[in-house]
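Novice: sequence and predicted structure are below.
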Amino acid sequence: MGEAMSVSPMASRDARSASQGEPGRREPSGSDLPFFAATAGIGGSYVLFILALIAADLCFTSPGHFADALRKPEIRYAVRLTLISCSISAILSIWVATPLGYLLSRFRFRGRWLVDTIIDIPIVLPPLVIGLSLLILFHLPIGGSNLEESLQTWLGLRVTYAEPAVVLAQFAVACAFSVQTMRVTFDQIDARAEQVALTLGCPRGQAFLRVTLPQAWRGIIVATTIAWARSLGEFGPILVFAGATRMRTEVLSTTVFLELSVGQLESAVAVSLLMVIAAIGVLGVVRLVGFKVTR
Amino acid sequence: MIELRNVTIQSGGFRLRDVHVVIPTGTYSVLMGGTGQGKTTILEAICGLRKVAKGEVFLQGADVTRWKPARRGVGYVPQDLALFPSMTVREHFEFALRLRRVSRVERARRVAELADVLGVERLLERSIRGLSGGESQRVALGRALSFSPRVLLLDEPLNALDESTRDRLCDLLERIQRSEELTVLHVTHSRDEARRLAGRLLVIEGHQVRERPIASLGESTDRQSAKERA
């Protein structure tokens, strides 16, 4: 208080001038509250919307519906096939995405932009188109035969409308997401350490395996998890390329469709919630493990 | 010996033309020059990380221009050190020895020797995370020396260190160079470092590398020079 009293008239005028500006000029002022209210309001409404979707499903179903749904042999088969096909698809995706992501991240080669664009195609294409393209690829006549027939003749493997088609349809899209994740992972790993490894006596392959790959483990887990989650949600390509045959090519996404089509809404919602729980679990893993990938 | 014969290096808009340098065996040479003039590029060309557009690179009398970095056997400490985040200090020292299939007993002997010389015995089992600047420099130096190279390239190895750590590392570098009879090429901005360590002084001027007498460094310290520039 004593200090405030001792301020000279000149100092006091300077202070007023600093806070209010020159006479006739208005300095920017005002609260940030409207800005935060608007951004939080707009953003928050979407979060609420998602929560409302899940809440509606939860309100619609009951533990009894869950138990009934899980007792059905078709749904148990679909759960098993979903777990197996998603896992195979995720492993295949990371197997391809690791070298491809590395090449795209580290090397500037001719046609790199083209490879980059091609990899993005499965992400932007409508899912049904991917399914249709798979169907055509396997049945396109080549020299009096087609890929499907050749695989059956040489390997005894039936793909279309069978379990391999489920995996392939899932892999076609999931792998593209894995490649992008692995590419970002390698972008964030300093290439310098790899170069030093070369001077220490490593061939390129060993420098990659011994120095770079151990640093990429978080990215690998995230890319695998993302591929698994994408595979879980895949529906369009599976419907077209693998069909929706009960006890054969039925995965959880097709279960929802099949249960809906026969009017079993409770079952469809129960299965949907199963998928929501799996998706939340996957997202949890990505958040926990993958958080540092982006750091 | 390190020899660059009429080497031209092109990288984007940057170019070093017809560089001719001979660094005799067992000498400690310091390379100076302004930022962006190509000091690091020259080191990379010698250890094989950068292709030369023209000319030849010789190491110990052998033309290594087309050799891969792994075959050149050059110890290299880059400016950012580039330690391996997933390895312990011991694993850094063992890295090049394992690649050369050195026996476990011999590896242990060499690691103990390096740890003793560099004063990092108590750090051997530690990850590189959390090491101080001086400790990290010692680990990078140990990794580069582990396989007993005849040529050692140092890219501003003492940057960002406090004065006392820098002094201790200068002593260490001198000692190691003498005991291992290394041919060292040390890139630096620091006149103090150059005056302290250089047996020969090389300076990049106008896309060329020229030898200058060490006396040309003058008596002023880095701090005085900075003040004069200011």
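Specialist: In hand now; what should we look at?
Novice: okay, CA-based contacts and neighbour counts for the rest of this
Specialist: Will do.
Novice: okay, now B:Gly29: neighbour count?
Specialist: Careful, residue B:29 is Ser; it's not Gly. 22 (other CA atoms under 10 Å in any protein chain shown).
Novice: tell me how far it lies from B:Arg138.
Specialist: 20 Å (CA to CA, to the nearest Å).
Novice: same thing with A:Thr249?
Specialist: 60 Å.
Novice: need the residues of chain B near chain A, please.
Specialist: Along chain B, the residues adjacent to chain A under the rule CA under 8 Å from any CA of the partner chain are B:47-49, B:69-78, B:82-86, B:95-96, B:99-100, B:144, B:147.
Novice: those residues, buried ones only, as a PyMOL selection?
Specialist: Applying 16 or more other CA atoms under 10 Å in any protein chain shown to the residues of chain B next to chain A, the buried members can be selected in PyMOL as follows:
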select buried, chain B and resi 47+48+49+69+70+71+72+73+74+75+76+77+78+82+83+84+85+86+95+96+144+147
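Novice: where does the residue of the stretch 101-250 of chain A found nearest chain B land in three-state SS?
Specialist: Closest approach of the stretch 101-250 of chain A to chain B (CA to the nearest CA) occurs at A:Gly201, with a separation of 3.8 Å. The local conformation at A:Gly201, judged by DSSP: H, G, I helix; E, B strand; the rest coil, is coil.
Novice: stretch A:207-226 near chain B at all?
Specialist: Yes. Stretch A:207-226 reaches chain B (CA under 8 Å from any CA) through A:211, A:214-215.
Novice: now flag whichever of those residues is closest to A:Ile54.
Specialist: Using CA to CA, A:Gln215 comes nearest to A:Ile54 of the residues of stretch A:207-226 next to chain B, at 37.0 Å.
Novice: what's stretch A:198-215 in contact with?
Specialist: With CA atoms under 8 Å, 6 or more residues apart in numbering or on different chains as the test, stretch A:198-215 has contacts from A:189, A:193-195, A:197, B:47-49, B:69-76, B:84-86, B:95-96, B:99-100, B:144, B:147.
Novice: would you put the C-alpha positions of it in PDB?
Specialist: Written as PDB, here are the backbone C-alpha positions of stretch A:198-215 (Å, rounded to 0.1, in the frame of the first residue of the first chain):
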ATOM      1  CA  LEU A 198      28.200 -48.900 -41.000                       C
ATOM      2  CA  THR A 199      31.600 -47.400 -40.100                       C
ATOM      3  CA  LEU A 200      31.900 -49.900 -37.300                       C
ATOM      4  CA  GLY A 201      31.800 -52.800 -39.700                       C
ATOM      5  CA  CYS A 202      28.000 -53.500 -40.200                       C
ATOM      6  CA  PRO A 203      26.600 -54.300 -43.600                       C
ATOM      7  CA  ARG A 204      23.300 -52.400 -44.100                       C
ATOM      8  CA  GLY A 205      21.100 -55.400 -43.100                       C
ATOM      9  CA  GLN A 206      22.900 -55.800 -39.800                       C
ATOM     10  CA  ALA A 207      22.800 -52.000 -39.100                       C
ATOM     11  CA  PHE A 208      19.000 -52.200 -39.600                       C
ATOM     12  CA  LEU A 209      18.600 -55.300 -37.400                       C
ATOM     13  CA  ARG A 210      21.000 -54.400 -34.600                       C
ATOM     14  CA  VAL A 211      20.600 -50.700 -34.300                       C
ATOM     15  CA  THR A 212      17.400 -49.400 -35.900                       C
ATOM     16  CA  LEU A 213      14.900 -52.200 -35.400                       C
ATOM     17  CA  PRO A 214      15.400 -52.400 -31.600                       C
ATOM     18  CA  GLN A 215      14.500 -48.700 -31.500                       C
END
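Novice: got the buried residues for that stretch?
Specialist: For stretch A:198-215, by 16+ other CA under 10 Å, it's A:198-203, A:206-208, A:210-213, A:215.
Novice: ok now it, how far from the chain's centre?
Specialist: Relative to the chain's own centre, stretch A:198-215 is displaced by 29 Å; criterion: CA atoms, centre = their mean, to the nearest Å.
Novice: which of the residues of stretch A:207-226 next to chain B fall in helices?
Specialist: The helices, defined by DSSP state H, take in nothing from the residues of stretch A:207-226 next to chain B.
Novice: could these go into JSON lines alongside pLDDT?
Specialist: Converted to JSON lines, the residues of stretch A:207-226 next to chain B look like this (pLDDT from 0 to 100):
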{"residue": "A:Val211", "pLDDT": "95"}
{"residue": "A:Pro214", "pLDDT": "94"}
{"residue": "A:Gln215", "pLDDT": "93"}
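Novice: residues contacting the closest residue to chain A within chain B?
Specialist: As assessed by CA to the nearest CA, chain A sits closest to B:Ala70 within chain B, at 3.8 Å. Counting by CA under 8 Å, 6+ apart, B:Ala70 makes contact with A:198-203.
Novice: who does B:Val203 bridge with?
Specialist: B:Met32, B:Arg210 (DSSP bridges).
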